[in-house]
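[1] Turn this into a model:
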Amino acid sequence: MGRMTLALTLAGTVGLLHGCWEGPVACPAMAQVAGVSVAVSSGYSASVGKLHLKACQDGVCTEGDVALYPGSVSVDQGCTPEGVCSAKSSPDGTMRGFLELPALAESPLDATVSGTAPAGTALPSRTLTFTPKGGFPFGEQCQRVVTASLVLDETGLRQE
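    Purely as a prediction, here's the structure:
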């Protein structure tokens, strides 16, 4: 009887310990699109009609007009007693756009933004050299994601 108790105890212990070990974790099955995102601040967005972006990295330059879309923020709607939480999207007055690049690395990138006001007059050309940021938003077991984000306002261009 003692051996049977010992065997059952060991089997139960192994079963419990197995639940403590991390198993494989799934990574999102989505590809990252390389590019530079641009946010036009809410205080400056009414002054921008069209935007053009030139981005150069590691000797390769890409440029094009950037389609601008209204930006938004998430507004917390709270949680129910059952633990179901929600949020809604609310316009924040910004405008957002994206220029796709053939590749994006964690090396210096030269960005030049130009454009026109809604009336067609030229906006000041703004240039910034910055280094895109890399990280593991889905955990270190998943691929590294590199992002390049800029903010354009009345004072100039800066990294977001």
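[2] partners of the strand or helix carrying residue 158, with directions?
    Using DSSP states H and E, residue 158 sits within strand 156-159. Applying DSSP bridges, strand 156-159 is found paired with strand 145-153 (antiparallel).
[3] got the CA positions of the strand holding residue 158 in CSV?
    Taking Å, rounded to 0.1, in the frame of the first residue of the first chain, the C-alpha atoms of strand 156-159 are listed here in CSV:
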residue,chain,number,x,y,z
GLY,A,156,8.3,71.6,-36.2
LEU,A,157,8.8,67.9,-36.5
ARG,A,158,9.7,65.5,-33.7
GLN,A,159,9.8,61.8,-32.9
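[4] can you list the residues that contact it?
    Strand 156-159 is contacted from outside by 111, 113, 126-128, 130, 149-151, using CB atoms under 8 Å, 6 or more residues apart in numbering. Any C-beta I mention is one placed from the backbone N, CA and C, and that applies to glycine too.
[5] 10 Å - rerun?
    38, 41, 53, 109, 111-113, 124-133, 148-152 (CB atoms under 10 Å, 6 or more residues apart in numbering).
[6] Span of stretch 103-122 from start to end?
    Its first and final residues considered, stretch 103-122 spans 30 Å by CA to CA, to the nearest Å.
[7] So what's the gap between that stretch and the chain middle?
    Mean-position distance between stretch 103-122 and its chain equals 18 Å (CA atoms, centre = their mean, to the nearest Å).
[8] could you give the mean pLDDT of that stretch?
    Average pLDDT, stretch 103-122: 95.
[9] Show me which positions of it end up buried.
    104, 109, 111-115 (16 or more other CB atoms under 10 Å).
[10] so the longest strand along the chain versus strand 145-153, what angle?
    In terms of residue count, the longest strand belonging to the chain (DSSP state E) is strand 85-100. Inter-element angle recorded for strand 85-100 and strand 145-153: 90 degrees (by axes from the mean of the first three to the mean of the last three CA atoms, to 10 degrees).
[11] and after strand 85-100, which helix or strand comes next?
    Where DSSP H and E defines the elements, the next helix or strand beyond strand 85-100 is strand 109-116.
[12] Counting by contacts, list what that next one packs against.
    Here strand 109-116 touches strand 35-40, strand 50-57, strand 60-66, strand 85-100, strand 126-130, strand 145-153, strand 156-159, going by 3 or more CB pairs under 10 Å, 6 or more residues apart in numbering; DSSP states H and E.
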